[in-house]
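Q: need the 3D shape of this:
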Amino acid sequence: MQWEHEDGLRGANRRFRIAKVDDTGTQQLVNLKGLKKEAPEEVWRPMPHGFTSNPPKDSDGYMVAMGDRSDRMLYVDGGHKKHRPRKLPEGAVALYNHSGDIIRVFEQNLDVVHAKKINLQIGKGTDVSSESGSKDADNSGAKNISIVLTANSMVLTYGNSSITLADNQITLQGVNILAKGNVDLGDVGGLAVDRTDDNPATKVKAV
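A: Predicted structure coming up:
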């Protein structure tokens, strides 16, 4: 026996495409486009705890009307056909965006790839104490510990000291070099560097 409400539920689940995203409130709302003249607005797009995203326009998914009621609709995202990484090995995981940047977790390695900048920093990421929503945390009193990678340099920072590695150049700022072994400048096998007291250095040699 087939009940009338079963046909209604089947008809309520249909494919839609994102036209606009509102990511400013406590819940993300999307405007959608479906069949001809079908354009529902401010539909809730639920996301699991610990993950959030802002899907690009024309991402595909489907809409569910809970209880077959038009005032209880939600949108389930299905991704974007142009941006989804393909041919991942079995069990692999990827976090990606619409411009090709990606984090891939494989069985033997972890890949982090970004076109412009990678910033690894120790500190509090966001402040969730406000009832109006999370915001960037105030880390002004914390010691700055970070690694920043760009296409042109790598900067390691700890407090007020930093080391910048660039092409054929190392720049030290606020750093004292404490060497437990020898320091060879230019190449191995140089002569001991003279100190200001006219005694040769015991660890620093230069070619």
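Q: longest strand of the chain, counting residues only.
A: Looking across the chain with DSSP state E, the single longest strand is strand 14-22.
Q: what strands flank that strand, and is each parallel or antiparallel?
A: Using DSSP bridges, the strands paired with strand 14-22 are strand 29-33 (antiparallel), strand 60-65 (antiparallel).
Q: least confident secondary structure element in this protein?
A: helix 4-12 (a mean of 52; mean pLDDT, DSSP states H and E).
Q: shouldn't Ile147 be in contact with Ser162?
A: No - using CB atoms under 8 Å, Ile147 is not in contact with Ser162, being 10.5 Å away. For every residue, glycine as well, the C-beta is placed using N, CA and C.
Q: so between those two, which is more surrounded?
A: More crowded of Ile147 and Ser162, by other CB atoms under 10 Å: Ser162, with 17 against 14.
Q: tabulate the strands paired with strand 14-22 (TSV), appending distance to Asn13.
A: TSV is the format used below for those (distance: least, CB to CB, whole Å):
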stretch	distance to Asn13
strand 29-33	13
strand 60-65	6
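Q: quick one, which of those is packed in tightest?
A: Most buried of the strands paired with strand 14-22 by mean neighbour count (mean count of other CB atoms under 10 Å) is strand 29-33; its value is a mean of 19.
Q: just checking, what packs against the following helix or strand past that strand?
A: Counting by DSSP states H and E, the element after strand 29-33 in chain order, helix or strand, is strand 43-44. Secondary-structure packing of strand 43-44 (3 or more CB pairs under 8 Å, 6 or more residues apart in numbering; DSSP states H and E): strand 29-33, strand 73-77.
Q: now Gly50: how far from Arg84?
A: 21 Å (CB to CB, to the nearest Å).
Q: low-confidence ranges in the chain?
A: Applying pLDDT under 70 to the chain picks out residues 1-12.
Q: tabulate the helices and strands packed on strand 43-44 (JSON lines), appending distance to Gly100.
A: Conversion of the helices and strands packed on strand 43-44 to JSON lines gives the following (distance: least, CB to CB, whole Å):
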{"stretch": "strand 29-33", "distance to Gly100": "23"}
{"stretch": "strand 73-77", "distance to Gly100": "19"}
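Q: what's the closest of the ones you listed to Lys57?
A: Among those, strand 29-33 comes nearest to Lys57, with 10.0 Å by CB to CB.
Q: I'd like to know how many residues surround Phe16.
A: The tally of other residues near Phe16 (other CB under 10 Å) stands at 24.
Q: from Glu38, how far out is it?
A: Applying CB to CB, the value for Phe16 to Glu38 is 8 Å.
Q: ok, Val112 next?
A: Using CB to CB, we find Val112 at a distance of 40 Å from Glu38.
Q: swap in Ile170?
A: Distance from Ile170 to Glu38, by CB to CB: 61 Å.
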